[in-house]
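Enquirer: I would like to see how this sequence folds:
(one chain, ligands or ions: 2)
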Amino acid sequence: GAKWAYTGPDGEHHWSKHYPFCGGTFQSPIDIQTQLLRFDPTLRPIELQNYNLSANEQLTLGNNGHSIQLSLPRRMYLSSLPHRYTAAQLHFHWGSEHLPVGSEHTVNGRQFAAEMHMVLFNSDKYPNISVAADKSDGLAVLGVLIEVGEFNPAFAQFLKYIDGIKYKDQRVQVPAFNIRSLLPVLLDEYYRYDGSLTTPPCYPSVLWTVFKNPVTISLKQFLALATAIYSSHQQESAPVAMNSNYRKPQYTDNRVVLCSFQG
Ligand SMILES: NS(=O)(=O)c1cc(-c2ccccc2)cc(-c2ccccc2)c1
Ligand SMILES: [Zn+2]
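Expert: Ligands and ions are numbered 1, 2, ... in the order given. Modelled structure (predicted):
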């Protein structure tokens, strides 16, 4: 598709020229206003199956020019939603070295340092993620807010290979690990709403789950994301650092954000 960016002439205010859904409804991310949340007692704890991967399995860690992403095996899936959602990939959005705020979802206007998205597709109804991507019940994304604080040994499991994917379209194989360790401790406290991909083509096809509790990574780990990755190809003369790869909050309109917890 047409090229897009987070700033400049191809920035988010221009996405809808080539990607009409980006100018449509049910867009993500949003600002989660805790005073307007509606508690929904039917929202069960998130249950991931087969996430404890063994080290002799390998995952592909890649730079797609807009984010870094880790492939996930198809035997990993969510079992606590109305349909089975099978894992596809996880990727990140972050700020910059000089502005360490880069989450997509905000809470009461607060932007976090970064955000991780685990992308899954409805494998009960669709054969693969490409077919599912533009269907209203096609995708589920788990969002994890990230703060700078304690060193995160789970993030270290893939960040230690980040120098192999400095440039666009570079990929490395990394030993698999327990993907559960990337998620917050409590999987029963989350926000839930209907939204979209936060990047073009912005399909309004995502059942969003954003965990209430952030995880932490150290400043050094944050800087690895914010300073070591480029959105340009290695052979390009002017390297373009990849940072602030987040979309700003969109209109909530008359969507209600549900929450799985009270108080
Ligand atoms: N931010 S997101 O979770 O809404 C998201 C989902 C998917 C996605 C991927 C496959 C199928 C379906 C959806 C891809 C991206 C993406 C991020 C950076 C660059 C390009 C694409 C982002
Ligand atoms: Zn994302």
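
Enquirer: where along the protein do the helices fall?
Expert: 15-18, 129-132, 153-159, 219-228 (DSSP state H).

Enquirer: mind checking which of these is nearest residue 102?
Expert: helix 219-228 (7.7 Å; C-beta to C-beta). To be clear about C-beta, it is placed using only N, CA and C from the backbone, and glycine gets the same treatment.

Enquirer: buried sites along that closest one?
Expert: 221-226 (16 or more other C-beta atoms under 10 Å).

Enquirer: do the same with stretch 116-135
Expert: Neighbour count says stretch 116-135 has 116-123, 126, 129, 132-133 buried, by 16+ other C-beta under 10 Å.

Enquirer: next one: stretch 11-25
Expert: Here stretch 11-25 shows 12, 15, 19, 21-22 as buried, counting by 16+ other C-beta under 10 Å.

Enquirer: Check stretch 97-115 too.
Expert: Here stretch 97-115 shows 100-107, 111-115 as buried, counting by 16+ other C-beta under 10 Å.

Enquirer: For the closest residue to residue 71 other than its chain neighbours, give me the pLDDT.
Expert: Nearest residue to residue 71 in three dimensions, chain neighbours excluded: residue 60, at 4.3 Å (C-beta to C-beta, 6 or more residues apart in numbering). On the pLDDT scale, residue 60 is placed at 98.

Enquirer: same thing with residue 263?
Expert: In this model, residue 263 carries a pLDDT of 80.

Enquirer: quick revisit: mind putting the buried residues of helix 219-228 into JSON lines with pLDDT?
Expert: Shown next, in JSON lines, are the buried residues of helix 219-228 (pLDDT from 0 to 100):
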{"residue": "221", "pLDDT": "97"}
{"residue": "222", "pLDDT": "96"}
{"residue": "223", "pLDDT": "95"}
{"residue": "224", "pLDDT": "93"}
{"residue": "225", "pLDDT": "93"}
{"residue": "226", "pLDDT": "94"}
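
Enquirer: Between the residues you listed, which sits nearest ligand 1?
Expert: For those, the closest approach to ligand 1 (C-beta to the nearest ligand atom) belongs to residue 225, at 13.7 Å.

Enquirer: I'm done for today, thanks for sticking with me.
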